[in-house]
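S.K.: Here is my input; please provide its structure:
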Amino acid sequence: MCGIVGYIGFQEASDFLIAGLQRLEYRGYDSAGIATFDEDAAVRVAKTVGRVKSLETMIRDGQTPGKTGIGHTRWATHGAPSVENSHPHFGGDAKSPDVAVVHNGVIENHHALRSMLEAEGCVFSSQTDTETIAHLLSRNLKKMYAKYGRVSPGEMTVYQYAPLIEVLHNTLSSLQGTYGLAIMFRDFPEILCGARLGSPLTLGVGDGENFIASDPSPFVGYANRIVTLADHEIAILSRNDFRVIHRDQGQINPTVKELAVAENGVDLGGFPHYMLKEIFEQPESLRNTLRGRLDYDAATAHFGVLRQITPQQLRQIDRILLTGCGTSWHAALVGEYQMEAFARIPVEVEYASELRYRNPPIDANSLLFAITQSGETADTLAALREMKRKGILSLSICNIVGSTIAQASDGGIYLHAGPEVGVASTKAFTSQCLALGLLALYFGRIRHISFEAGLRIIKAFDELPDKAEQTLAVNSRIREIAEKYADSHDFLFLGRQYNFPTALEGALKLKEISYIHAEGYPAAEMKHGPIALVDKNMPSVFIVPRDAVYDKVLSNIQEIKARGGPVIAVVESGDKTIESLADDIIEIPHTDDFLQPIIASIPLQLLAYHIAIFRGCDVDRPRNLAKSVTVE
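M.R.: You can find the predicted model right below:
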């Protein structure tokens, strides 16, 4: 959940650390801090509660000089947001610490380790699990000196850190849980160390400088090459070199890749907020998800990961499991409707947090798709690994190439939606729904969908990005509606069939960024309880395309109006029937039923955005949330 960065090179470290933390702030923003080594290898520290902007203001006076440093932006787990609990944390003597650590993840046995260290005389200054790692490193460093003698700075090269590697391995072997770490040692100011287990960590390879970060976005404009660490790997970086050592394999030759994130992918591009930018990027993100995947000649979809599985094998699949968390779970519900309609395969949608602890009846003919934007979601990763242990073919649908879940799965389908910085997911959700629709077509074509039907479906896919572009034209109208309802305390979101998941997602978006209580329901279920809440102060948002249950939803709207409840209706362009029923109308283009959630979710995203703005909320950094949920 937290963001970590590290730098070693010829420039002032704090410049990169602050810029990098600002790009990683979506991962947590309860507090922030950096530590650097000055010319005398003394540690300089700056910490603050709140946003990275406050930290940037704090260090403008140059109080953290140095060419090596680490930084952290925090989503609080152990201990409340405070200066004491903010990272970096230090090991050894409080006045002259010999280790500095920043950490993303959770150490599950930190209570036992803390008790052991306190019994040995360590004095803790925070409530965090991370400080345990710092003191443990310091303890093992002292043992290393007793075993090998003290080594002066500069006497070792990046090739020859066997004693220090032993310190790192001994420390990491004591930890139970997950970690992505960046570590500085006072006695070795010429190197920077990183380690990973379960939490993402990437190296940036520069020219005379090297970098560490939770994901590659901080490297844009600084380094063009990256190395993604795998579990149980540590890295030792100097200014001009780096080495990667695996716990079991020793030194390895990692794959160096080109950085795929464009600079304009991580800036605001003239928009006031990332969320609004990413909403407006959806026509292009949908095009990118479609690119190269439509096959008119065979009237089907292409997925490289499925080419290794024969159609005969895929026809044996008799059950599909879709799992995810939050917005990804809502996309999975859309996928359930699509898969069952096109492929006639039974589909079950499971919360990943529940699936990891369940023991559902599964067999060799089952197939799992783990759905995640970040590719790092802890619950989804655990559920995927549990299904793999049971011998189930387990594939992933994610947005981040080289992410933990992409590597852990038997194969991955990438969304290619581009960087999503806003904490509330928008373009990733619509790309997930689209990818699942393409999968539904693929499975349908190898089972029973005709060539002509496949072509009709492909045509609907092809037209989708342009329809998303048309939908964005409702932005100014939605802003007017948002101003009207911004002071409401409760909302209902209601839809049927494909648009029941749309209602759930619309309610979640509003909750996430405006802090208004909102609930999503199948429209027909509203009268089985939620209607008791309806009054003149509780708006209901209906998604009402002209589909098979159109008349049924009209009846549900009338039930709300009979109780005096305001109605906001998302309807297809030209629908005059609902004008007399709804208080406010939002028009969207007509599209096929199975793609309606993609188009209908866009105005709901805009509604949540504008309501949050009118309420003075931070739409990109909503309270208590983080984008990449790497803790259980």
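S.K.: I'd like the distance between Asn399 and Val5.
M.R.: According to Cβ to Cβ, to the nearest Å, Asn399 and Val5 sit 21 Å apart. Placement of C-beta: from N, CA and C, glycine included.
S.K.: Between those two, which has more neighbouring residues?
M.R.: Taking neighbours as other Cβ atoms under 10 Å, Asn399 and Val5 compare with Val5 leading, 28 against 25.
S.K.: Test my guess that that one contacts Phe211.
M.R.: Yes. With contact defined as Cβ atoms under 8 Å, Val5 counts as touching Phe211 (7.3 Å).
S.K.: Find residues that contact each of those two.
M.R.: Common neighbours of Val5 and Phe211, using Cβ atoms under 8 Å, 6 or more residues apart in numbering, are 16, 20, 218.
S.K.: Does the last one belong to a helix, a strand or coil?
M.R.: Yep, that's Pro218 we're talking about. Here Pro218 is helix, with the state taken from DSSP: H, G, I helix; E, B strand; the rest coil.
S.K.: Tell me who's in contact with it.
M.R.: Counting by Cβ under 8 Å, 6+ apart, Pro218 has contacts 5, 16, 19-21, 23-24, 204, 211.
S.K.: And for the first one?
M.R.: With contacts taken as Cβ under 8 Å, 6+ apart, Phe16 has the following neighbours: 5, 7, 211, 218, 222.
S.K.: Correct me if wrong, but the third one is in a strand.
M.R.: Yes. Phe211 forms part of a strand when assessed by three-state DSSP.
S.K.: heads up, I number from 833, so please use that
M.R.: Will do, 833 is the new start, and the previous item becomes Phe1043.
S.K.: where's it relative to Gly981, distance?
M.R.: Taking Cβ to Cβ, one finds Phe1043 at 32 Å from Gly981.
S.K.: In stretch 858-872, which residues are buried?
M.R.: Neighbour-count burial for stretch 858-872 flags 858-869 (criterion: 16 or more other Cβ atoms under 10 Å).
S.K.: Which two of those residues have the greatest separation?
M.R.: Taking Cβ to Cβ, the two most distant members of the buried residues of stretch 858-872 are Tyr858 and Phe869; they sit 28.1 Å apart.
S.K.: if I look at the residue of the chain most remote from its centre, how far off is Pro929?
M.R.: Going by Cα atoms, centre = their mean, the residue of the chain most distant from its centre is Gly981, 44.6 Å out. For Gly981, the distance to Pro929 (Cβ to Cβ) stands at 21 Å.
S.K.: go on, Glu1351?
M.R.: In this view, Glu1351 and Pro929 are 49 Å apart by Cβ to Cβ.
S.K.: Please identify which of those two sits among more neighbours.
M.R.: Pro929 (21 against 18).
S.K.: Not including adjacent chain positions, what is the nearest residue to that one?
M.R.: Nearest residue to Pro929 in three dimensions, chain neighbours excluded: Phe922, at 3.5 Å (Cβ to Cβ, 6 or more residues apart in numbering).
S.K.: where does the chain have low pLDDT?
M.R.: Applying pLDDT under 70 to the chain picks out residues 833, 893-895, 983-992, 1093-1098, 1139-1140, 1458-1464.
S.K.: how close does Asp1450 sit to Lys1368?
M.R.: Asp1450 sits 30 Å away from Lys1368, going by Cβ to Cβ.
S.K.: Ignore what I typed, I meant Ile1410.
M.R.: Applying Cβ to Cβ to Ile1410 and Lys1368 gives a distance of 20 Å.
S.K.: quick one, which of these two is more surrounded?
M.R.: A count of neighbours by other Cβ under 10 Å puts Ile1410 above the other of Ile1410 and Lys1368, at 19 against 9.
S.K.: just checking, that one touches Glu1404?
M.R.: No. Under the criterion of Cβ under 8 Å, Ile1410 is not in contact with Glu1404, lying 9.7 Å apart.
S.K.: which SS class is Asp1450?
M.R.: Classification of Asp1450 using three-state DSSP returns coil.
S.K.: residue contacts, it?
M.R.: For Asp1450, the contact set (Cβ under 8 Å, 6+ apart) is empty.
S.K.: From Arg1028, how far out is it?
M.R.: As judged by Cβ to Cβ, Asp1450 and Arg1028 stand 30 Å apart.
S.K.: does the closest residue to Arg982 other than its chain neighbours count as helix, strand or coil?
M.R.: Take Arg982 and drop its neighbours on the chain: the residue closest to it by Cβ to Cβ, 6+ apart is Asp1019, 7.7 Å away. Secondary structure, three-state DSSP: Asp1019 is coil.
S.K.: these two touch, right, Asp1019 and Pro929?
M.R.: No. Using Cβ under 8 Å, Asp1019 is not in contact with Pro929; the gap is 11.2 Å.
S.K.: picking up where we left off before, distance check, the residue farthest from the centre of the chain against Pro995.
M.R.: Gly981 is 9 Å from Pro995, where distance means Cβ to Cβ.
S.K.: before we move on, what about Glu1182?
M.R.: Here Glu1182 is placed at a distance of 47 Å from Pro995 (Cβ to Cβ).
S.K.: quick one: which of those two has more around it?
M.R.: Comparing Glu1182 with Pro995 by other Cβ under 10 Å, the one with more neighbours is Glu1182, at 19 against 15.
S.K.: Give me the nearest residue to that one, chain neighbours excluded.
M.R.: Closest residue to Glu1182 apart from its sequence neighbours, by Cβ to Cβ, 6+ apart: Thr1155 at 4.7 Å.
S.K.: Test of understanding: give the bridge partners of that neighbour.
M.R.: For Thr1155, the beta-bridge partners are Glu1182, Ala1202 (DSSP bridges).
S.K.: Contacts only, for it.
M.R.: Contacts of Thr1155 by Cβ under 8 Å, 6+ apart are 1161, 1164, 1181-1184, 1187, 1200-1203, 1212, 1215-1216.
S.K.: now those in a markdown table, with distance to Ile1224?
M.R.: Shown next, in a markdown table, are those (distance: Cβ to Cβ, whole Å):
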| residue | distance to Ile1224 |
| --- | --- |
| Trp1161 | 19 |
| Ala1164 | 16 |
| Val1181 | 16 |
| Glu1182 | 12 |
| Tyr1183 | 17 |
| Ala1184 | 14 |
| Leu1187 | 11 |
| Leu1200 | 5 |
| Phe1201 | 11 |
| Ala1202 | 11 |
| Ile1203 | 15 |
| Thr1212 | 15 |
| Ala1215 | 11 |
| Leu1216 | 9 |
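S.K.: Show the buried residues in those residues.
M.R.: By neighbour count, with 16+ other Cβ under 10 Å, those hold 1161, 1164, 1181-1184, 1187, 1200-1203, 1212, 1215-1216 as buried.
S.K.: just the strands in the stretch 833-982 of the chain please.
M.R.: Using DSSP state E, counting those that start in this stretch, the strands of the stretch 833-982 of the chain run over 835-840, 863-869, 875-881, 900-906, 921-923, 931-936.
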